[in-house]
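Participant: Okay, predicted coordinates and the sequence, questions at the end:
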Amino acid sequence: MKTKLINAMDNSIVSEVELIYKTNIKPSERIKVEDSKKVYSVFKTVYDYNTIEHKESFYAMYLNRANKILAVILISEGGTSACLVDVKIILQAALRVNASAIILSHNHPSGQLIASSADISITNKVKEAAKLLDMQVIEHIILTPEDNSYYSFADNGQI
């Protein structure tokens with residue numbers, strides 16, 4: 001962050017915000033996601049399978065208008081049964097990469113493939129906030145430690 005002198009009369013200083021998104025990936029090389037299976041296959045490469053049974057992690061995937069991945073970002077890590085998710089952090093990154101759509105994901109260390117009331121609540125909260133910025137939340141994937149084991153909110157009519 002840069003600092004900038006605002007008023008020389010009283011020497012007030014405020015921070016200047018500079019938003020930067022740098023990528024070395026050509027648009028033609030971006031991965032396109034079209035279904036929950038493809039979303040799961042991408043997220044599966046992101047999670048740390050050394051800790052997936054021990055702590056919950058929450059990620060967000062950001063897409064352009066063609067459903068091509070712009071970025072995947074770790075939002076939060078928590079304990080064995082929960083992690084704190086700050087909607088502002090999710091939307092801050094979405095704005096930074098100029099996303100059109102957001103896909104959420106977290107793991108259940110317990111191995112249970114059921115969306116909890118807290119999972120549904122945070123999904124709806126992010127959906128409503130994203131809507132204000134003309135963005136859509138199009139999926140929420142829950143992973144478990146087992147291979148090929150995931151729950152899709154979209155496939156189950158919860159998005």
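Facilitator: Yep, that arrived.
Participant: The helix ranked longest in the chain: how far from the chain's middle?
Facilitator: Longest helix in the chain by number of residues (criterion: DSSP state H): helix 117-132. Put simply, helix 117-132 sits 12 Å off its chain's centre (CA atoms, centre = their mean, to the nearest Å).
Participant: Okay, helices next: where are they in this structure?
Facilitator: 36-46, 87-96, 117-132.
Participant: packing partners for the first one?
Facilitator: Under the contact definition 3 or more CB pairs under 8 Å, 6 or more residues apart in numbering; DSSP states H and E, helix 36-46 sits against strand 57-63, strand 69-77, strand 101-107, strand 136-143, strand 150-152. Where C-beta positions appear, they are placed from N, C-alpha and C, glycine not excepted.
Participant: Distance from the chain centre to the second one, please.
Facilitator: This points to strand 69-77. 5 Å.
Participant: what's the angle from that strand to helix 117-132?
Facilitator: 140 degrees (axes from the mean of the first three to the mean of the last three CA atoms, to 10 degrees).
Participant: Name the residues of strand 69-77 that are buried.
Facilitator: I69, L70, A71, V72, I73, I75, S76 (16 or more other CB atoms under 10 Å).
Participant: Turn these into JSON lines, columns for pLDDT.
Facilitator: Formatted as JSON lines, these follow (pLDDT from 0 to 100):
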{"residue": "I69", "pLDDT": "98"}
{"residue": "L70", "pLDDT": "97"}
{"residue": "A71", "pLDDT": "96"}
{"residue": "V72", "pLDDT": "97"}
{"residue": "I73", "pLDDT": "96"}
{"residue": "I75", "pLDDT": "97"}
{"residue": "S76", "pLDDT": "96"}
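Participant: how close does the residue most central in space within the chain sit to I20?
Facilitator: Closest to where the C-alpha atoms of the chain average out (CA atoms, centre = their mean) is A60, at 1.1 Å. Going from A60 to I20 by CB to CB, to the nearest Å gives 18 Å.
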